[in-house]
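Colleague: A predicted structure for the sequence below; I have some questions about it.
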Amino acid sequence: MNYHNFDIEYLSMGMTDDYEVAIEEGANIIRIGTGIFGERDYNKEEVNNE
């Protein structure tokens, strides 16, 4: 993307649920962790390695 005062080399936006819209809007970096690894389980106990 090229604007009057600056250049944008990378445009990061969008996640697994809305990546198609992000691509349509020009994103070239998209976060798709949930699509690869699945939903997070926030009910797990934290592991403390001290």
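Modeller: Happy to help now that I have it.

Colleague: show me the shaky parts of the protein.
Modeller: For the chain, applying pLDDT under 70 flags the ranges 1-3, 46-50.

Colleague: so for it, the centremost residue is which one?
Modeller: Nearest to the mean C-alpha position of the chain, by C-alpha atoms, centre = their mean, lies residue 31 at 2.3 Å.

Colleague: over to that residue: give its phi and psi.
Modeller: The phi and psi values for residue 31, taken as degrees, to the nearest 10, are phi -90, psi 120.

Colleague: what sits against it?
Modeller: For residue 31, the contact set (C-beta atoms under 8 Å, 6 or more residues apart in numbering) comprises 12, 14, 15, 16. For every residue, glycine as well, the C-beta is placed using N, CA and C.

Colleague: the first one against residue 25, yeah?
Modeller: No. Residue 12 sits out of contact with residue 25 when judged by C-beta atoms under 8 Å, with a separation of 11.6 Å.

Colleague: sorry, back to before: keep only those of the contacts of residue 31 that are in helices.
Modeller: Judged by DSSP state H, helices contain none of these.

Colleague: and the residues you listed, which is closest to residue 36?
Modeller: Of all those, residue 36 sits closest to residue 16, with 8.2 Å by C-beta to C-beta.
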